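Trainee: Attaching a predicted model along with its sequence, questions to come.
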Amino acid sequence: MPARTTDPDPVIKDERAERPAYRWYVLGLLTLVSMFSIADRLVFSILLEDIKAEFSFSDAQIGLLGGLAFAATYVLVGFPAARLADRSVRRNIVAGAITFWSGMTALCGLATGFWTLFLARTGVGVGEGCSGPASQSLVADYFRRDELAKAMGFLTIGASMGTAGGLLIGGQLNEMFGWRWAFVLMGLPGMLIGAVVYFTMREPRRGRYAPADAQMKQQPLIDTARTLTANRVFMGLAVGWAVQIMIGYALAFWMAAVMMRNFGISSGDVGIYLGLAFFIGGIPGPILGGYVAGWLTKRDERWRAWLPGMVSLGCVLPLGVSLSSSEFWPFLTFFALAYAIYVASQAPILSGIQAAVEPSQRGFAVAIALFFNNLVGQALGLAVIGWVSDWLAPSQGSISLTIAVFGVCLFSGLLAMVVFAWTAAQMKSSGYLDKMARD
């Protein structure tokens, strides 16, 4: 995977960095990378019923394939990749990562059983684990702190578009060619995007918008880890994100199966309707969340924690209405509303993590956050839903999965509210508010 520390033109000229069009081009390209990251990760959700039927998998096995198979390698590779991102050319890391995970997505189509599919999914996790820290660190060096929440809101659109695209396109490919070719055809475009990133994106000067006394030189690993784990604001945001993203993974991974079981429609139709709901909720939600977070944090930095806590719990009510609906269109309408509220939380979390740490720690900080994110939100959250669904199936039948999804989301929303409220309290006592006031 290319990650050279030397480059013929590694750092863009300052005057080019100031050009709004180029900054937004880079953000758009990174948003596209994020979109394919999520699409390749979650296309599995629209294909899982056909995969389950072919291999006679249980919901618990499906949960492991969707969560642990991906998350285990994602988090293990994320740490060394993040250290590399904090000292080398981040553009190269992003370009190599999307090329690798796209190839592994295509290889999922060659699976012959549980373990071959498990191994292919781990390969997807390897590639995607390298991309997130580098991408978010790049955005923080292209946009000032007062613009960062807005920029992260637009970056989050990639996740929403990827979720919708994975369902919509994956569902149609499955209908036309079957689940194996759906994996192959979803994986191929990422290789082209990797080339575009490598040849058209330039590396900004690290920490160009950081305070004058910010730490630019990478510190030894032990010192970096000790500093970050002692940073109560960063750890609160990271743990809160991990807890509340159980909702996001539950919606993105299990809702297609809920629709097929509750309403008896095909994977192609699920892809169209659920993909449409993700688009309707997932496009305005992050943008609005970014603008609202930017406006609120100019008045009080604690809104970087208060806002995600409020919306994490707030999205559970319309989700409950959706899951309890026996009619299709109310189900879909309230689901779109719940998702729009949920994704409004991402911009303040991501911008808060970048603001809370030194420029030389940004990549590693994101890796730690993603470690909790994937371990708790994806590996544990998806597996628990699968286990609870299997446990309830003898008594609840086809609605066992619906009950499991809502129960985990309600727990996540309540706990996230508590964690984010604690984080906001730490912003004053830790000196974070004073530091932001001096910047």
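Mentor: Nice, I can see it. Numbering: from 1, shown residues only.
Trainee: Follow the chain on from the least confident helix or strand in the chain by mean pLDDT and name the next helix or strand.
Mentor: Of the helices and strands making up the chain, the lowest-confidence element is helix 14-17, at a mean of 50, by mean pLDDT, DSSP states H and E. Reading on from helix 14-17 to the C-terminus, the next helix or strand found by DSSP states H and E is helix 20-55.
Trainee: Buried ones in that following helix, by neighbour count?
Mentor: Judged by neighbour count using 16 or more other CB atoms under 10 Å, the buried positions of helix 20-55 are 22-23, 26-27, 29-49, 51-52. Heads up, the C-betas are built off the backbone N, CA and C, glycines and all.
Trainee: got it, and stretch 77-87?
Mentor: Applying 16+ other CB under 10 Å to stretch 77-87 flags 77-79, 81-86 as buried.
Trainee: and the residue lying closest to Val419 once chain neighbours are set aside, how many neighbours does it have?
Mentor: Distance criterion CB to CB, 6 or more residues apart in numbering; nearest residue to Val419, sequence neighbours excluded, is Gly240 at 4.0 Å. Summarising burial for Gly240: neighbours were counted as other CB atoms under 10 Å, giving 29.
Trainee: Okay, helices next: where are they in the stretch 151-300 of the chain?
Mentor: According to DSSP state H, counting those that start in this stretch, the stretch 151-300 of the chain carries its helices in the segments 179-187, 189-200, 221-230, 232-263, 267-282, 284-297.
Trainee: one step back: among the buried residues of stretch 77-87, which are located in helices?
Mentor: Taking DSSP state H, the ones among the buried residues of stretch 77-87 that sit in helices are 77-79, 81-85.
Trainee: what packs against the host helix or strand of Glu128?
Mentor: Taking DSSP H and E as the definition, Glu128 sits inside helix 114-142. Identification of packing neighbours for helix 114-142 by 3 or more CB pairs under 8 Å, 6 or more residues apart in numbering; DSSP states H and E yields helix 20-55, helix 59-66, helix 68-85, helix 90-107, helix 145-177, helix 346-356, helix 362-372.
Trainee: Mind listing residues that contact the third one?
Mentor: By CB atoms under 8 Å, 6 or more residues apart in numbering, the surrounding residues in contact with helix 68-85 are 3, 41, 93, 97, 117-119, 121-126, 128-130, 132-134, 137, 218, 221, 362-368, 370-371, 374-375, 378-379, 383.
Trainee: what's the answer for stretch 276-292, then?
Mentor: 149-154, 156-157, 159-161, 163-164, 167-168, 252, 307, 311, 332, 335-348.
Trainee: what does stretch 338-345 give?
Mentor: Contact partners of stretch 338-345, identified using CB under 8 Å, 6+ apart, comprise 156, 159-160, 244, 247-248, 251, 277-278, 280-282, 284-286, 288-289, 292, 307-308, 311-312, 314-319, 322.
Trainee: Narrow the residues you listed to those that are buried.
Mentor: The neighbour-count test (16+ other CB under 10 Å) applied to the contacts of stretch 338-345 identifies 156, 159-160, 244, 247-248, 251, 277-278, 280-282, 285-286, 288-289, 292, 307-308, 311-312, 314-316, 318-319, 322 as buried.
Trainee: which residues touch the one helix or strand Trp391 maps to?
Mentor: For Trp391, the host element (DSSP H and E) is helix 381-396. Among residues not part of helix 381-396, those counted as contacts by CB under 8 Å, 6+ apart are 58-64, 66-68, 245-246, 249-250, 253-254, 400-401, 403-405, 407-408, 412.
Trainee: Could you turn the buried ones of those residues into a ChimeraX selection?
Mentor: Only the buried entries of these go into this ChimeraX selection, using 16+ other CB under 10 Å:
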select :59,60,61,62,63,64,66,67,68,245,246,249,250,253,254,400,401,404,405,408,412
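Trainee: To Leu188, which of the helices and strands packed on helix 114-142 lies closest?
Mentor: Evaluated with CB to CB, those place helix 90-107 nearest to Leu188, the distance being 6.4 Å.
Trainee: Remind me what the helix or strand hosting Trp306 packs against, helices and strands.
Mentor: Element membership for Trp306 (DSSP H and E) is helix 303-314. Applying 3+ CB pairs under 8 Å, 6+ apart, one finds that helix 303-314 makes contact with helix 232-263, helix 284-297, helix 328-343, helix 346-356, helix 400-429.
Trainee: what angle do the helix holding Glu128 and helix 179-187 make?
Mentor: Put simply, helix 114-142 runs at 20 degrees to helix 179-187, going by axes from the mean of the first three to the mean of the last three CA atoms, to 10 degrees.
Trainee: Next, the buried residues of helix 114-142.
Mentor: For helix 114-142, the buried set under the neighbour-count rule, 16+ other CB under 10 Å, comprises 114, 117-118, 120-142.
Trainee: leaving aside the residues next to it on the chain, what's closest to Leu117?
Mentor: Take Leu117 and drop its neighbours on the chain: the residue closest to it by CB to CB, 6+ apart is Ala111, 3.7 Å away.
Trainee: re earlier: average pLDDT across the helix holding Trp306?
Mentor: When pLDDT is averaged over helix 303-314, the result is 94.
Trainee: Show me what secondary structure element comes after it.
Mentor: Moving toward the C-terminus from helix 303-314, the next helix or strand (DSSP H and E) is helix 316-323.
Trainee: Quick one: residues in contact with that next one.
Mentor: Counting contacts by CB under 8 Å, 6+ apart, the residues outside helix 316-323 that touch it are 247, 251, 258, 330-335, 337-338, 341, 402, 405-406, 409-410, 413.
Trainee: Let's see that with 6 Å instead.
Mentor: With CB atoms under 6 Å, 6 or more residues apart in numbering as the contact definition, helix 316-323 has outside contacts at 331, 334-335, 337-338, 402, 406, 409-410, 413.
Trainee: before we move on, what about stretch 102-119?
Mentor: Under the contact criterion CB under 6 Å, 6+ apart, stretch 102-119 has outside partners 40, 69, 120, 123-124, 180, 183-184, 186-187, 190-191.
Trainee: Recalculate using a threshold of 7 Å.
Mentor: Taking CB atoms under 7 Å, 6 or more residues apart in numbering as the criterion, the residues outside stretch 102-119 that touch it are 40, 55, 57, 61, 65, 69, 120-121, 123-124, 127, 180-181, 183-184, 186-188, 190-191.
Trainee: for stretch 187-198, same thing?
Mentor: 29, 32-33, 36, 40, 91-92, 94-95, 98-99, 101-103, 105-106.
Trainee: can you do 8 Å?
Mentor: For stretch 187-198, the external contacting residues (CB under 8 Å, 6+ apart) are 2, 29, 32-33, 36, 40, 91-92, 94-99, 101-108.
Trainee: Which of these are buried, as a PyMOL select command?
Mentor: Buried members of those can be picked out in PyMOL with the line below, counting by 16+ other CB under 10 Å:
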select buried, resi 29+32+33+36+40+91+92+94+95+96+97+98+99+101+102+103+104+105+106+107+108
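Trainee: For the most centrally placed residue in the chain, list the residues it contacts.
Mentor: Centrality entry for the chain: nearest residue to the mean C-alpha point is Ala159, 6.0 Å, by CA atoms, centre = their mean. The contact partners of Ala159, taken as CB under 8 Å, 6+ apart, are 34-35, 37-38, 282, 286, 343, 346.
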